[in-house]
Structure formats: C-alpha cells, structure tokens
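**Q** Predicted model, plus sequence, below.
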Amino acid sequence: MEDKKYGANQIQILEGLEAVRKRPGMYIGTTNVVGLHHLIWEIVDNAVDEALAGYCDEVTIVLTSAGEVIVKDNGRGIPIDVHPKTGKSTLETIFTILHAGGKFDNASYKVSGGLHGVGASVVNALSHYVDAIVVRDNKIYSQRFYEGGTKATPLEVIGVSEFNGTIIRFKPDETIFKETVTFEFKIVQNKIKQLAFLNKGIIFNLYDERNDKSISYCFENGIKDYVHEINLTKEKINDDIFYVDDNINDIEIEASLQFNSTYDENLYSFCNNIYTSEGGTHETGFKNAITKCFNNYATEHVKNFKGSKFVWDDLHEGLVAVLSIKHFDPQYEGQTKAKLSSLDAKDAVQNIVVKYFEEYLLKNPTDAKKMIEKVLLTQKSRKAALKAKEDTRRKGALDSFALPSKLADCESKDSEVSEVFLVEGDSAGGSAKTGRNRKYQAILSLRGKVLNVEKVNQGKVLENNELQSIIAAVGAGIKNSYNEEKLRYNKIIIMTDADVDGAHIRILLLTFFYRYMKNLITNGHVYIAQPPLYRIEANKNIKYAYNDLELEQLKETEFKGLNYSIQRYKGLGEMDPIQLWETTMDPARRTLIKVNVDDAFLANEIFSSLMGEDVESRREFILKNAQFIENLDI
Ligand code: 28G
C-alpha cells in the first residue's frame with residue numbers, strides 16, 4: 001500500500017517536470033535570453049525569501065566559465081529531513097515536484113516570487129544538472145539532480161562546517177534554450193541592484209568568472225536610496241526624501257518620495273519584489289494618501305485654498321516615488337502580475353502613508369512649503385490647460401469633425417481596418433499621399449521638430465500645433481481622458497527617415513505617446529515603419545535592402561557578376577510614390593515594428609538618457625543605439 005502510493009507520487013513527479021520541458025514558456029514565459037535569466041531569478045528568489053524570513057543577509061551569484069550559475073546564501077540551509085507528504089527529503093521535494101512551494105509548504109513562507117513563482121523544480125527541469133549543497137547542523141550535504149530533473153544521486157554528507165547556508169549550481173539545457181545559453185552580466189547586475197533596493201540590508205554579490213568582473217550591492221536605506229539615485233542628476237524640490245517602512249495587518253509597506261523640477265512622473269510600484277507596471281490597489285492607496293495629505297496641509301497653511309482642492313493630476317509632475325509592499329497572498333488582475341487587485345492593500349497603504357506623510361509635512365515645513373508651491377503651480381497650469389482645451393474644443397479643433405488640415409484621411413471610417421502614417425516632412429508626406437491605398441490609409445505630415453514633452457508641461461503640449469494634430473487625428477484623447485473607443489485608426493505608424501534626425505523624431509513621438517497616450521502603446525497600436533536604405537538594380541531587376549548586411553547578401557547572390565547600380569536613400573523624400581508604397585507601406589510587402597513598453601524601466605531609462613540636457617551626448621546615444629531604437633521592442 002505504501003509502495004503503491006509512493007509509486008503514484010513518482011509518476012506524478014515525472015509527469016510534472018516533463019510538462020515543464022514540453023512547454024517551458026508556460027513556466028518561464030519565453031525560452032529566449034529573458035527566459036534563460038528567469039532560471040537565475042527563481043533560485044535567487046528562494047535565497048531572498050530566506051533573507052526576508054530573517055535568517056540570511058548575503059546572496060552571491062557566480063557566472064562560471066563552464067556556462068553554469070552558482071547561487072549561494074548564508075541562510076539556514078534547505079532542510080534535508082524526510083518530508084511527510086512525499087516520502088522524500090525537503091530538498092528533493094523542492095527540486096523535483098512542480099509547484100512544491102505552494103502545494104506542500106506553508107504558503108506564507110514564500111513572499112517574493114519570480115514571473116510565475118514556480119521555483120526550483122522548474123530550474124531543475126530545464127537544466128542539464130543541478131547540484132545542491134546544503135550546509136546545516138555542522139554538516140555539508142550534497143545531491144545532484146540530472147536528466148531534466150528525472151534522476152538524482154543519493155544525498156551524501158561530504159564534509160563538516162560551522163556555517164549554514166545553501167549553494168545551488170545549475171547548467172541550463174541548450175536543447176531548451178535554443179537561442180542562447182549565455183548569461184549576461186548586465187542583466188544580472190540590473191536585477192540584483194533592483195533586488196538590493198527592494199530588500200534593504202541584504203548584500204548581493206555578483207562575480208563573472210569569464211572575465212573576472214565583480215560587483216556588489218547593499219542599500220541600507222532601501223527604496224529611499226532608490227529615489228535618491230533616480231534624482232541624482234535632477235534639481236530637487238524637497239531636500240529630505242520622505243520615507244516610511246511599517247506594517248499593518250501583516251502587510252509590509254515601504255514608500256519613498258521626492259519631487260524634482262521636471263514635469264514627468266516616476267512612480268514605481270512593487271508587490272513582493274515584482275514590478276507592478278499597471279499599478280493596482282496599493283498604488284491607488286498611495287495616490288489617495290498623498291492627495292489627502294497635500295489637501296489637508298494646504299487647507300491649514302495656504303491662504304484662500306478652500307474650494308480648489310488638489311487632485312492626483314496636480315501632484316504627479318516632477319514626482320519620483322517608489323512603493324514596495326510585501327503581501328502574504330497577493331491577487332493580481334490578469335495573467336501577467338502587472339496590476340495588483342488585493343483589496344486590503346489599498347487601505348493598508350493609504351493608512352500608513354497618510355500617517356507618516358502628514359507627520360513628515362509637519363516636521364519639514366521648508367520642504368513642505370516648496371512642494372506646495374510646485375503643486376500649486378501644476379494645479380494652475382492644469383486649470384489653464386483645461387480651459388484652453390475647452391476653448392479649443394468649443395472652436396472645434398479637438399473634435400473629430402474638425403480634423404487637422406495636414407491630415408489626408410482615408411475613406412474608411414472603420415477604425416479596425418484603417419491606419420495613419422505620421423510622416424516626417426512635407427515632401428515625403430506628398431509621396432506617401434500619392435502612393436498610399438486611400439481606402440484605409442491616412443497620412444499626417446509633420447512639419448519641423450516635434451516638441452520634447454519631457455521638457456514642458458501639459459499646457460504647452462496642448463498648444464503645440466503638431467501634437468494637437470496628432471491628438472485630433474488619433475481621436476482617443478490623452479492621459480486620463482484617453483478613450484480607446486474613440487480611436488480613429490487601429491495602427492499609428494511612425495514613418496521617418498532612416499537617419500539620426502529620423503531616429504530623433506521617432507523618439508520624440510514615442511515619448512509623447514508614452515507620456516500622453518500610454519495605452520496606445522500598451523494596447524499595441526503604435527508601429528514603426530521600416531523604409532529601405534538601398535535600392536539595387538541590374539537589367540531591370542530591382543531589389544531593396546533594409547540594412548548593410550542585406551545589401552551585401554544581395555551583391556553576393558542575385559547580383560553577383562552583374563553590372564548593378566546602387567542607390568542609397570538619404571530620406572523618404574527620395575523615393576517616388578510607387579517605391580514608397582512597394583517598400584514601406586504595402587501591407588503585403590512591408591515590415592512594421594510593433595512598439596511595446598513591457599519593461600517600463602528600460603523604456604524610461606532610454607527616454608531619460610535621450611532626453612537629457614546634453615545635446616552632444618544625446619546625438620551620440622542616438623547614433624550608437626539607432627538600430628536598437630529602431631527595434632524598440634523594449
Ligand atoms: C542558494 C540558492 C537558493 C533556501 C531555505 C531554508 C529553509 C527552507 C529554503 O525551507 C521548506 C518551508 C517552511 C519549513 C526553513 C530551513 C525552515 C528551517 C528552511 C535557497 C520547511 C523550505 N530551516 N533556504 N527553504 N520549509 N535557500 N537559496 O534556496 O517550513 S530555500
């Protein structure tokens with residue numbers, strides 16, 4: 001009977017890890033470079049959990065020359081006693097049973113979590129081998145799992161030690177990770193830096209054996225140091241960074257905030273070390289709290305304030321804030337964990353932040369005064385912008401009926417099938433207008449420079465002619481009043497020259513969409529057109545090349561030995577309407593790049609390094625990263 005039960009378990013185990021190998025994407029998202037690195041995060045998460053439980057303060061990662069990863073912690077060591085439910089040691093259970101973390105363990109132990117919180121068994125399933133070394137009770141234990149986790153050597157005692165801890169070494173299976181099995185220092189570095197900010201006091205070390213590079217992070221002040229770093233090069237409004245770390249009803253809440261003199265909002269929220277890019281209940285609680293505190297403070301301290309209450313829109317300009325909560329049972333909206341939905345998180349965050357931010361304002365009257373001044377200015381410009389918007393609306397400029405004169409609209413009114421090209425310059429705009437399929441393709445030509453929205457407030461944005469045209473043409477409104485039902489085109493296609501200026505305009509447009517119509521990007525409506533760089537012709541055979549490599553390949557194959565001529569396009573304007581249609585606009589032949597902002601961090605980093613003050617470094621960045629920006633699937 002016992003045997004039978006054990007056997008049944010065994011089968012279940014094999015099926016479990018087999019399932020992971022069959023459909024790795026279900027467990028780690030993808031099997032590209034991102035998925036590969038998820039293996040590290042899964043193991044590191046377990047070490048961080050041990051640290052959050054209070055038993056470990058140092059985590060070390062080694063990228064070995066043999067293509068392995070070693071993760072080491074100084075916690076209690078994974079238990080090696082036999083687990084009552086599986087008849088195996090806890091160690092073996094964790095590494096060989098899928099979802100062991102949730103199924104067999106006290107769920108409240110696991111606080112952090114990778115993309116899917118699936119843990120060590122998934123790493124085992126997708127590795128050649130996993131070596132586990134557990135040091136506890138003065139003994140060093142060792143066990144190897146191999147062949148996709150289906151086999152294990154017996155647990156052995158291999159020595160004695162006075163320290164505790166766990167060491168995990170694994171080598172990814174290249175038959176799973178077909179694209180690459182090379183770990184990247186920079187990716188791991190960024191991740192541990194973020195983990196170090198989010199888990200104060202833990203030392204994270206990274207050592208790359210392949211080139212003898214190493215780096216360590218430890219932030220005593222947690223996300224306060226994070227805010228400090230984001231604002232390092234910015235002009236600060238309040239000198240003292242607001243910071244709170246407290247817990248209520250078993251929810252730990254950490255928040256930090258400082259204003260700078262820019263106009264953009266940088267609010268980053270996390271739950272259990274996972275970035276919640278779409279916010280959620282914790283973020284709502286935070287916004288409510290800050291709004292309430294500013295209103296209370298202004299009511300007491302600002303003359304004639306009554307009746308002109310702040311709303312969140314007045315508080316977000318120049319705000320840098322990080323919110324990180326640790327929740328025992330987080331609930332998310334949808335599959336991606338991008339939006340927290342646990343109801344108790346809202347009140348928990350709101351209560352704690354109100355309590356501490358109120359106190360902060362009273363204790364720091366000089367900072368409070370500076371912040372209130374900034375916020376009052378934002379409010380004033382918001383009201384002015386609102387009035388300007390109402391005036392223009394009354395005049396009809398923002399109405400879908402009064403479309404901009406520069407827009408050559410398409411015939412179809414069906415937004416599902418229609419698309420608009422945002423074209424740089426009048427001459428290219430002219431070609432595009434002639435070359436298009438006017439049934440469903442609209443052309444909006446943009447004159448001159450697009451405004452850099454990072455540098456100005458909303459009022460100025462709404463006054464700008466080019467941006468006004470775009471807003472009117474797109475039709476869905478901006479920011480909070482963005483309404484996708486009113487979207488006039490399914491695809492918004494940015495079509496600029498394949499040179500530095502074109503890349504610059506593209507980035508300015510993307511910045512505008514990112515800040516003013518983020519949903520347009522997240523819902524996949526923004527595209528980048530790819531015009532060719534070369535035209536090669538011999539005996540009336542014409543081909544286009546979209547990069548140097550393609551040109552070389554054409555020269556070496558189809559055109560080898562022929563008397564060919566090459567035209568290098570300096571801009572869209574050099575193409576006649578038919579060429580533009582054939583190469584860049586015809587849905588059957590073109591390649592469009594869909595812009596997605598999955599990783600808001602990276603996007604923001606790119607946007608801010610591009611939009612920095614220094615024109616020279618900006619040019620340099622664009623030149624260096626033109627290709628990357630072109631393939632902006634960040
Ligand atoms: C180095 C790379 C990754 C870990 C521990 C320590 C314990 C543990 C891990 O227990 C099962 C669940 C809760 C008891 C817990 C040790 C309690 C007592 C642990 C790691 C059984 C998991 N002694 N360190 N798991 N628990 N480090 N690092 O994986 O109830 S995982």
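**A** Perfect, I can see it now.
**Q** what about whichever residue of the stretch 251-400 of the chain sits closest to the ligand, how many neighbours?
**A** The minimum distance from the stretch 251-400 of the chain to the ligand, using C-beta to the nearest ligand atom, falls at residue 328 (13.2 Å). C-beta here means a position set from N, CA and C on the backbone, and glycine is covered the same way. For residue 328, the tally of surrounding residues (other C-beta atoms under 10 Å) stands at 15.
**Q** quick one: secondary structure of it?
**A** Following DSSP: H, G, I helix; E, B strand; the rest coil, the label given to residue 328 is coil.
**Q** just checking, it touches residue 252?
**A** No: contact criterion C-beta atoms under 8 Å: residue 328 and residue 252 do not qualify, at 9.6 Å.
**Q** can you list the residues of the chain near the ligand?
**A** 43, 46-47, 50, 71-73, 75-76, 78-79, 90, 105-106, 109, 166-168 (C-beta under 6 Å from any ligand atom).
**Q** Can you pick out the ones from these that are in strands?
**A** 71, 72, 73, 166, 167, 168 (DSSP state E).
**Q** residues contacting the last one?
**A** Residue 168 makes contacts with 43, 70, 71, 72, 120, 130, 131, 132, 133, as judged by C-beta atoms under 8 Å, 6 or more residues apart in numbering.
**Q** Could you measure from the fifth one over to residue 130?
**A** Read that as residue 120. 8 Å (C-beta to C-beta, to the nearest Å).
**Q** Can you check which residues contact both of the two?
**A** With C-beta under 8 Å, 6+ apart, residue 120 and residue 130 have common neighbours 95, 168.
**Q** can you give me the helices for the stretch 101-250 of the chain?
**A** 120-125, 185-198, 223-230 (DSSP state H, counting those that start in this stretch).
**Q** Would you mind finding the most buried of the ones you listed?
**A** helix 120-125 (a mean of 28; mean count of other C-beta atoms under 10 Å).
**Q** From the rest of the structure, what touches it?
**A** 16-18, 20-21, 27-28, 39, 42-43, 46, 94-100, 130, 145, 148-149, 168, 170.
**Q** And stretch 76-89, by the same measure?
**A** 6, 9, 50, 55-56, 90-94, 96-97, 104, 132, 134-136, 141, 155, 164-166.
**Q** tell me the average confidence for it?
**A** Mean pLDDT, stretch 76-89: 87.
**Q** Now the terminal residues of it, how far apart.
**A** 15 Å (C-alpha to C-alpha, to the nearest Å).
**Q** Go through that stretch and flag the buried ones.
**A** 76, 77, 78, 80, 83, 86, 88, 89 (16 or more other C-beta atoms under 10 Å).
**Q** how close does the last one get to residue 458?
**A** Going back to what we said before, that points to residue 89. 60 Å.
**Q** where do the helices sit along the stretch 501-634 of the chain?
**A** Going by DSSP H, counting those that start in this stretch, the stretch 501-634 of the chain shows helices at 518-522, 548-556, 577-580, 600-610, 615-630.
**Q** Strands of the stretch 201-350 of the chain, residue ranges please.
**A** 203-208, 213-217, 242-248, 251-259, 266-271, 274-275, 319-326, 332-333, 339-340 (DSSP state E, counting those that start in this stretch).
**Q** Any chance of CSV for the ones you listed, columns mean neighbour count and mean pLDDT?
**A** Formatted as CSV, those follow (neighbours: other C-beta atoms under 10 Å; pLDDT from 0 to 100):
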stretch, mean neighbour count, mean pLDDT
strand 203-208, 19, 98
strand 213-217, 14, 97
strand 242-248, 18, 98
strand 251-259, 24, 98
strand 266-271, 22, 96
strand 274-275, 20, 92
strand 319-326, 24, 98
strand 332-333, 16, 93
strand 339-340, 22, 96
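**Q** Pipe these into CSV and attach distance to residue 590 per row.
**A** Formatted as CSV, the strands of the stretch 201-350 of the chain follow (distance: least, C-beta to C-beta, whole Å):
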stretch, distance to residue 590
strand 203-208, 41
strand 213-217, 42
strand 242-248, 50
strand 251-259, 44
strand 266-271, 35
strand 274-275, 34
strand 319-326, 40
strand 332-333, 35
strand 339-340, 34
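**Q** what's the closest of those to residue 286?
**A** strand 319-326 (5.0 Å; C-beta to C-beta).
**Q** Next, the angle from the closest one to helix 185-198.
**A** Angle, strand 319-326 to helix 185-198, by axes from the mean of the first three to the mean of the last three C-alpha atoms, to 10 degrees: 80 degrees.
**Q** quick one, strands of the stretch 401-550 of the chain?
**A** Under DSSP E, counting those that start in this stretch, the stretch 401-550 of the chain gives strands at 407-408, 419-424, 441-446, 491-495, 526-529, 534-538, 541-545.
**Q** Low-confidence stretches in the stretch 351-500 of the chain?
**A** Judged against pLDDT under 70, the low-scoring parts of the stretch 351-500 of the chain cover residues 392-401.
**Q** Just list whatever residues bridge to residue 203.
**A** Note on residue 203: beta-bridge partners by DSSP bridges are residue 58.
**Q** Relative to residue 590, which of the strands of the stretch 401-550 of the chain is closest?
**A** strand 526-529 (6.8 Å).
**Q** Give me the contacts around the closest one.
**A** Contacts of strand 526-529 (C-beta under 8 Å, 6+ apart): 421, 491-495, 506, 510, 513, 520, 584-585, 590, 592-595, 630, 632.
**Q** Equivalent analysis for stretch 180-194, please.
**A** Contacts for stretch 180-194 (C-beta under 8 Å, 6+ apart): 32-33, 36-37, 40-41, 44, 59, 61, 63, 67, 69, 172, 174, 204, 206, 208, 211, 213, 215, 217.
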